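Chemist: generate coordinates for the sequence data below:
(chains A, B and C)
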Amino acid sequence: MTEPAAYTEKPADPWHLAHHFSSPQQQFDSGKLGIWLFLTTEILLFSGLFCAYAVFRANHPEIFVYAHAYLSKPLGALNTMILIFSSFTMASAVRAAQLGQTRWLVRLLAVTLFCGGAFLGVKFIEYKAKWEEGLLTGGDYRPEAPPPGAVVPPEQKPAAATAKPQAAAPVQGLVIERSSIPPAAVGPSGLSPQWLANTPAHPADRWHGPEPYNVQVFFSFYFVMTGLHGIHVLGGMGAIAWVLVRARRGEFGPRYFSPVDFTGLYWHLVDLIWIFLFPLLYLIT
Amino acid sequence: MATTAFDETPPDGIPVQEDNYLTHRRGIASWLLTLDHKRIGVMYLVTVLAAFLLGGIFALLMRTQLLRPEGLLFHMTPESQDLAVYRPFNQLFTLHGVVMIFLVLIPGTPAALGNFVLPLMLGAKDVAFPRLNLWSYYLFVAGALLAVVSILINAADTGWTFYTPYSTERSAGAVIPLVAGAFVIGFSSIFTGINFIVTIHKLRPAGMKWDRVPLFLWGLYATAVIQVVATPVLGMTLLLLIVERLFHVGIFNSYYGGDPLLFQHFFWFYSHPAVYIMILPAMGVMSEVIATFCRREIFGYRFVAASSVAIALIGFLVWGHHMFPNGQSGPLDAIFSAMTMLVAIPSGVKVWNWLATMYKGSIVLLTPMCYALCFLFLFAIGGLTGLFLASLATNFHVHDTYFVVAHFHYVMIGGALFMFIGGLHYWWPKITGRMYNETVGRIGCLLLFVGFNLTFFPQFIIGTHGMPRRSASYKPMFETGHVLSSVGALVQFLALLLIAGCFVYSLCRGRKAPANPWGGTTLEWACSSPPPHDNFDHPPAVAGPYDRTAIAWNPALGGYERTGSPLPPGEGPGVRGASRS
Amino acid sequence: MASYSGVETAAATGAVEPAGLGHVVPLGVLAAVWGGLVVLTALTVAAADVDLGNLNLYIALAIAGTKATLVVLYFMHLRYDRPFLLVVFLGCLGFVVLFISLALTDARAYAPSLVPGQAPAMKDVHTPFGTKD
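Modeler: Model (predicted):
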């Protein structure tokens, strides 16, 4: 076996080659593998949220069908278009860097950054609307009005205001979830007929009022999922801004464009996640 | 080749390496801002050992409490309904778990030993992303500090598993800083995993094809895959826990329409593969130690390598076995039980191959080999008792009893920790450039083994008799078992003090180590002890990872050296069709 | 810092293999993919207005999956990259599918035993935004 070449720094080594890599190609390939592994971790991070979403939607579809009407489909579709366009400009920016077209690179990065800002702006409008309408998570869910398009039979409204306390009142303390043990006897020492009357036999009859129980669960998902996504958009914008500064200095070209490439991959991932969030949150029928 | 080399006192005049990674640049800033994987590994080691001391103190306090049925430190009576009496013990087992798992075992072998050894074993100059490596270390420290802050404010009492809704609703402790600390440490783990995978893929020298990669690196590779895939789910789980505790969003609490069992699915999807993060590097160390100290190549190299990957992958399919009696549905119980039985098979393959390597080998019973023998015995017990837990019928009886506690301590301490200490002994000459006293080392190993068995074997017995875990007091029928256990804990503590003393003495007075004192065949032994700052001037010639023809004993050095005449590529261990030497 | 301004006159369209690293995606391909994504987005919004029961969810997911495939293959360059990266990405998706499918199986299996709407009314819940009574 021939003696491998020594690790000497050749004069022709470019400035961007780190000391522990033997060639720019090796450095680029390593960086690419590294960023894809990082994207893997990001996908798995969001997969937890998608899993929780799947479990809740499977068990309580009525909450999602009812509450998604509070969300504005046009704004959601606008956000989707903004992000898709920004993905296109980002991919074009990487291409410009590879071809050494520095002016186009800077312009395209700036447009991508602007689109990210626009996305966050639309999100801010949506969040503000939710705050004003009292549509928050958990204990803060106090809707001012039912969602647009919901059927609200007027005669049931007063009953709805007292429906929850009434369902809880006949039973002492907390209501326990039913198990496979046969139901208790009805009578003075058991369950009251009122409680039984309020409990639908079939899961499909859960929604027996103008508003299903626990609608706030939907908004928990909405805020956590879009909020975490928004934080990632913000982080991506920071990375793009830094790459933009370096691009204006003329650091990128056909031989060295990996920061643009890898930031672009992250930005596409952010777009990918939104591609799935949009139909799952906004387009439920 | 002489086999009694270690008994000989090496001659004077072993050339002292003038510039090594320890002396390359001095000053605190050169350490805190270093990009050198060796220095980062040493910093990890110091932090991990400090955390180990902390976790050990919590354990000793618990065992002291459990010396008496009604409790020695916190007196429990049947009348004490006040939560305040129970809380301190609950805090102790929570912190012991969090510290030992997140601050000691998860980073232990991969980050402390792996960071140091990985690039050296590849003949590389550093890991693929040195700055990311430093970030990993600082995230680890930040997470550890957050955990310490939470301890100082009001330690959590939820158990290291943070089950909802107690952790999100009722617990009065500083749960959020502790959980945030674990979240941050998760990122440290992820970045280390990314670094290792890319380094092993891209920075292998020419000639080191996948079937010539040392088995420690296969173990680290499988570990890194788990770190990258599983840890983000932990991140999401902890994030949702924090959000739930702050805003009561209701995802994990049926009071608000949520699902507590969902939290457990999320939590164990990470935490089960996490135990494989702890054990796979230790198994990698096993392969290295056994190959070196039995003077042979590892029997069934390909099977051992494949079993590392198999454990990593199958380990993702078994998380539900932590939730059998918790409300999980029947079909899923059955699936997880079957998968858990399946994951035992690759572990068995490894144990078999190590035993076959030892058979008719020239065994040298130095300290690392003693730890390896202990591992075989203790891991076998731990693994077999795991099968009792995998089987649904028995699980329902021993779930949340001391049987489970004993099982996981056998695999975690008897497996992971023993080989962490064994690996530390093995690579100590390389890391510090000093030898340690063999006699003291072996006594420490024996004492630790005795103490460990004394602590945890009685726990199997009281567990099957019904002693529940996480309990500050117990019925008098369990007293004998608990007293034996507590005495054993004390013996372990003394053993660990002895081992620590052995290392400290070696740092002060140990004789200088040659480049290759043990006759290791992997590439990290080809550079001096301690290694120079840049590791290698030339990428070393690559032989098969356990090819003993590539090294020879040199009396002048007091150690082994590479002969420079390795087998040509296409021959040697691990290559199909080649005859075994 | 080294500057690459002299290369601006390089070919601007068409697949180019410069003396650099990696393949350059033609601008036409990128624009076509963007057009496809816009069309699919409009399609999914329109499909949401048609009530097809359970099928709606699957149609929406199928369209989202198609969009995702386009982004991953062309924008993220996976079509032209080393095959190992595809292995990494598909492996990741495999773990996601594993996680979601097993948790969902569990949830569906115990769904019949859920008592609908029986979580009690929330009282005295303290959150950073106030107290719900």
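Chemist: can you pull out the strands in chain C?
Modeler: Here chain C has its strands, by DSSP state E, at C:125-127, C:130-132.
Chemist: pLDDT below threshold where in chain C?
Modeler: Scanning chain C for pLDDT under 70 picks out the ranges C:1-20, C:113-133.
Chemist: tell me which residues touch the closest residue to B:I314 other than its chain neighbours, please.
Modeler: Spatially, and ignoring its direct neighbours in sequence, B:I314 is nearest to B:V343 (4.4 Å; CB to CB, 6 or more residues apart in numbering or on different chains). All C-beta spots, glycine's among them, are computed from the backbone N, C-alpha and C. Residues counted as contacts of B:V343 (CB atoms under 8 Å, 6 or more residues apart in numbering or on different chains) are B:311, B:314-315, B:317-318.
Chemist: model confidence score at B:V343, please.
Modeler: For B:V343, the pLDDT comes out at 94.
Chemist: got it, and B:S565?
Modeler: Looking at B:S565, its pLDDT is 52.
Chemist: count of residues packed around the residue of chain C found nearest chain B?
Modeler: Using CB to the nearest CB, the single residue of chain C nearest to chain B is C:A109, 3.2 Å away. For C:A109, the count of nearby residues is 15 (other CB atoms under 10 Å in any protein chain shown).
Chemist: what's the distance between it and A:G264?
Modeler: Applying CB to CB, to the nearest Å, the value for C:A109 to A:G264 is 42 Å.
Chemist: what does B:D534 give?
Modeler: 34 Å.
Chemist: higher neighbour count, these two?
Modeler: A:G264 (30 against 16).
Chemist: mind listing what the more buried one touches?
Modeler: By CB under 8 Å, 6+ apart, the contact set of A:G264 is A:90-91, A:93-94, C:75-76.
Chemist: confidence score at B:E79?
Modeler: Taking B:E79 on its own, its pLDDT is 67.
Chemist: correct me, but A:A54 touches C:T105?
Modeler: No: with contacts counted by CB atoms under 8 Å, A:A54 stays clear of C:T105, the gap being 10.6 Å.
Chemist: so where's chain A uncertain?
Modeler: A:1-13, A:138-139, A:149-210.
Chemist: next up, the contacts around the nearest residue to the residue of chain C closest to chain B once chain neighbours are set aside.
Modeler: Distances taken as CB to CB, 6+ apart place B:S329 nearest to C:A109, at 3.2 Å, with adjacent residues excluded. Listed by CB under 8 Å, 6+ apart, the contact set of B:S329 reads C:105-106, C:109-110.
Chemist: buried among those? Need that as a selection in ChimeraX.
Modeler: To isolate the buried ones among the contacts of B:S329 in ChimeraX, judged by 16 or more other CB atoms under 10 Å in any protein chain shown, type:
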select /C:106,110
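Chemist: name the SS class of B:Y560, please.
Modeler: Following DSSP: H, G, I helix; E, B strand; the rest coil, we place B:Y560 in the strand state.
Chemist: quick one, helices of the stretch 151-285 of chain A?
Modeler: A:157-168, A:193-198, A:216-248, A:258-282 (DSSP state H, counting those that start in this stretch).
Chemist: need the winner for burial among the ones you listed.
Modeler: helix A:258-282 (a mean of 23; mean count of other CB atoms under 10 Å in any protein chain shown).
Chemist: what angle separates that helix from helix A:216-248?
Modeler: On the basis of axes from the mean of the first three to the mean of the last three CA atoms, to 10 degrees, helix A:258-282 is oriented at 160 degrees to helix A:216-248.
Chemist: from the chain's centroid, how far away is helix A:258-282?
Modeler: Offset of helix A:258-282 from its chain centre (CA atoms, centre = their mean, to the nearest Å): 10 Å.
Chemist: and if you look at stretch B:346-356?
Modeler: The answer for stretch B:346-356 is 19 Å, by CA atoms, centre = their mean.
Chemist: list the buried ones in it?
Modeler: So stretch B:346-356, judged by 16+ other CB under 10 Å, has buried residues B:346-347, B:349-351, B:353-354.
Chemist: same deal with stretch B:85-92?
Modeler: B:85-92.
Chemist: residue boundaries of the helices in chain C?
Modeler: In chain C, the helices defined using DSSP state H lie at C:27-48, C:55-70, C:83-110.
Chemist: so which of the ones you listed is nearest A:L228?
Modeler: helix C:83-110 (16.0 Å; CB to CB).
Chemist: other SSEs contacting that closest one?
Modeler: Packing partners of helix C:83-110 (3 or more CB pairs under 8 Å, 6 or more residues apart in numbering or on different chains; DSSP states H and E): helix A:24-59, helix B:215-247, helix B:260-293, helix B:330-358.
Chemist: 7 Å instead, please
Modeler: When contacts are defined as 3 or more CB pairs under 7 Å, 6 or more residues apart in numbering or on different chains; DSSP states H and E, helix C:83-110 packs onto helix A:24-59, helix B:260-293, helix B:330-358.
Chemist: measure B:P346 to B:L152 for me?
Modeler: 42 Å.
Chemist: I meant C:V71, not that one.
Modeler: Applying CB to CB, the value for C:V71 to B:L152 is 47 Å.
Chemist: settle it for me: which of those two has more neighbours?
Modeler: Neighbours were counted for C:V71 and for B:L152 using other CB under 10 Å; C:V71 has more, 23 against 10.
Chemist: my read is that that one contacts A:D271, right?
Modeler: Yes: applying CB atoms under 7 Å as the test, C:V71 and A:D271 come out as touching, 6.2 Å apart.
Chemist: which residues do the two both contact?
Modeler: Shared contacts of C:V71 and A:D271 (CB atoms under 7 Å, 6 or more residues apart in numbering or on different chains): A:S87.
Chemist: list the contacts of A:M81.
Modeler: A:M81 sits in contact with C:38, C:41, where contact means CB under 7 Å, 6+ apart.
Chemist: what about it, which SS state?
Modeler: Secondary structure, three-state DSSP: A:M81 is helix.
Chemist: roughly how far apart are it and A:L75?
Modeler: On the measure of CB to CB, A:M81 and A:L75 end up 11 Å apart.
Chemist: do the same with A:L234
Modeler: Taking CB to CB, one finds A:L234 at 19 Å from A:L75.
Chemist: quick one: secondary structure of B:L67?
Modeler: coil.
Chemist: now it: closest residue in space that isn't a chain neighbour?
Modeler: Distance criterion CB to CB, 6+ apart; nearest residue to B:L67, sequence neighbours excluded, is B:S486 at 5.0 Å.
Chemist: which helix or strand contains the one you found?
Modeler: helix B:479-509 (DSSP states H and E).
Chemist: from the contact counts, what lies against that helix?
Modeler: Under the contact criterion of 3+ CB pairs under 7 Å, 6+ apart, helix B:479-509 touches helix B:37-65, helix B:418-432, helix B:438-464.
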